[in-house]
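In: model the following, please.
(chains A and B)
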Amino acid sequence: MNEILDGIVKALQLIFSGDPTFYGIVFRSLLFSGVATILAALWALPIAMLLSLKNFPGKPIVKGFFTAMIGIPTVALGLFLWFMLYKAGPLGFLGLLYTPGAIILGEALLVTPLIVSIETQAIEAVDPEIMNLAKTLGASDSQASIAILKEAINGIAFSNAAGFNRAIAELGVALMVGGNMAGFTDVLTTNISTFNARADWPMAIALAIILLVIVFGVNLIIVVAKNPRVLLTMGRMPE
Amino acid sequence: MTVLAELKNLTKRFGERTALNDVTLQIQEGEILGLLGPNGSGKTTLLKVLAFLLMPDAGEITFRGETVTEKNSERKRLESTMVFQRTMLFNTSVYNSVAYGLRIRKMRKNKIDEEVSKALRLAKLEDFEKRQAKKLSGGEQQRVALARALVLKTKLLLLDEPTANLDPKNASIIEEVIANANRELKTTIVMATHNMFQAKSLPHRIALMENGRITEVGTSTEIFGRLSKTLASFAAVENTFAGTARISEDGSTLIDVGNDIQIVAAAKNVGEVSVFVSPEDIILSRNRFESSARNVLRGRIVEIQDLGSVVRLKVNVGKTFTVQITKRSFNEMGLNLNTEVFLAFKASSIQII
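Out: Residues are numbered from 1 along each chain as shown, chains lettered A, B, ... in the order given. This is a model prediction of the structure:
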């Protein structure tokens, strides 16, 4: 118990010390997961629009596939990617294994099903007549699609936040295709695991605290962006 | 009069269902055309075709002399706009809702401000600009939808049951706005309606629809004067009753419409008939009085609808009759729900189908 309390105190000292190693890890985590989420968001949105607004044969199967893939174990995906990216693998020529690029690619693939599924549901929840409304007010087909997306913006923002949180909190992919190389491919989760194994609890706890702060912070930003008045009502008893 | 839009032998199907069946119709510039028909008769589909939101499966539609095709429909939509029956609003402020179409048309910001203010004033929604559109009452929301369409000053304005499910106050504001838009902005309007009063008062012409077809087109006097079977089939709520007619000893026609109610009509007829009496032709009184009216029925008021200058009452005499009287008469007579009243109407005002 003392070790945990001691760990927390030392962790807080570490957080406020501005330690470059510590903040390097935090920076890499934010960068890799951020870029991975942006990549996934870029290709997930057209997929979600296709799945929600168009009809084509096999659509339920495709939707089912994305839903099923939400829960894919990160180590399984990491292993699969390792085989794809290792020297003799089909994508070995890219030389991505044990580089930030591999982590970014892996995390982007990991969060894509989550983002696609939530976005598809959010767009499907918009009244389809909104499309006709925009068109009758003069919008072109693409402007009408943007009108639909604007109506689904809360769901889209939430899907990306959820995607980012899954990416930054995952361990399997980062460890297996990133290799946890210090100062290069090591991130929050891989370091928490490593420092814990080394019994360096202050560092492990400090990194865990930061990870939690990031995850909660992202969710808070989404909630506030959706309704800024939340800030004003914080701390007040509900009426 | 110039023809603004013309539909020629137009057919639209949704799977097995034929929503529009060989429809031919001309819409004259500057008119208000009412589409009157029961649910599922094709009114909304016809409006959507005229809004260029749906392309027909067969037939031709021309707008301002040009045939409308899949290719040019996007451009044509800039000249025709529709207000849907179910109020559709973007999740934004009233200002942004009304400004949407103007922004699409790339209008300058100060001009948009000016036009939005004008349209909101017209819809009696001054000071509503910053309010969230979705948080307004149903009537206010429908007025936002109308302002959003009017602000575009399109050649053609299509209204799908614009006052359906609205309280009388909002309904009369909307009717006033529609009439103003037609009179002052010279907007051509096609409106679908169920409301017989509205159909009789607002449109210059009425097209009756049934099963995806247009069965009759004419002025309101023509249509209501020779009450058709189509009209009677969905007008049952408003003084249309089915019954059996026979010729009485004095030579007049006696129609038994059930519940011990017999209606005397001047027109000769026997057998199964439908009868209609216009709500304005019914005289309502607190006491039975001597008059030339052959039909006098006693009943109680079961519903009161304040329509502004007039009040619409439903009176149960065994069957429910709709009566329209002025607000002043209503107040002077001290009428209330459940008040006992007498309805009187002449045998010659009964129309037999």
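In: for the biggest helix by length in chain B, name the packing helices and strands.
Out: In chain B, ranked by residue count with DSSP state H as the criterion, the top helix is helix B:168-184. Helices and strands in packing contact with helix B:168-184 are listed as strand B:32-36, helix B:109-122, helix B:138-150, strand B:188-193, strand B:295-306; criterion 3 or more C-beta pairs under 8 Å, 6 or more residues apart in numbering or on different chains; DSSP states H and E. For the C-beta atoms, the positions are set from N, CA and C on the backbone; glycine is no exception.
In: tell me which parts of the stretch 101-250 of chain B are close to chain A?
Out: Of all the residues in the stretch 101-250 of chain B, those in contact range of chain A (C-beta under 8 Å from any C-beta of the partner chain) are B:101, B:104-105, B:148-149, B:152.
In: are any of the residues you listed buried, and if so which?
Out: A residue is treated as buried here by neighbour count (16 or more other C-beta atoms under 10 Å in any protein chain shown); on that basis the buried members of those are B:101, B:104, B:148-149, B:152.
In: in these, find the pair that's most separated.
Out: Within those, B:104 and B:149 form the most distant pair, 13.1 Å apart (C-beta to C-beta).
In: count of neighbours near residue A:69?
Out: Summarising burial for residue A:69: neighbours were counted as other C-beta atoms under 10 Å in any protein chain shown, giving 16.
In: surely residue B:36 meets residue B:214?
Out: No: in this structure, residue B:36 is not within contact of residue B:214 by C-beta atoms under 8 Å, at 10.3 Å.
In: give me the more crowded residue out of these two.
Out: Neighbour comparison, residue B:36 and residue B:214: the larger count goes to residue B:36, with 29 against 23 (by other C-beta under 10 Å).
In: which residue is the nearest non-sequential neighbour of whichever residue of chain A sits closest to chain B?
Out: As assessed by C-beta to the nearest C-beta, chain B sits closest to residue A:137 within chain A, at 3.7 Å. Nearest in space to residue A:137, with sequence neighbours left out and distances taken as C-beta to C-beta, 6 or more residues apart in numbering or on different chains, is residue B:101 at 3.7 Å.
In: need the pLDDT of that neighbour.
Out: The predicted structure scores residue B:101 at 97 on the pLDDT scale.
In: now it: how far from residue B:15?
Out: Using C-beta to C-beta, to the nearest Å, residue B:101 is found at 32 Å from residue B:15.
In: what's the answer for residue B:302, then?
Out: Distance of residue B:302 to residue B:15, computed by C-beta to C-beta: 41 Å.
In: more crowded one of these two?
Out: Taking neighbours as other C-beta under 10 Å, residue B:302 and residue B:15 compare with residue B:302 leading, 12 against 5.
In: would you mind confirming that that one makes contact with residue B:336?
Out: No: counting by C-beta under 8 Å, residue B:302 sits too far from residue B:336 to count as a contact (11.3 Å).
In: ok, the closest residue to residue B:31 other than its chain neighbours - contacts?
Out: Closest residue to residue B:31 apart from its sequence neighbours, by C-beta to C-beta, 6+ apart: residue B:204 at 4.6 Å. Counting by C-beta atoms under 8 Å, 6 or more residues apart in numbering or on different chains, residue B:204 touches B:31-33, B:219-220.
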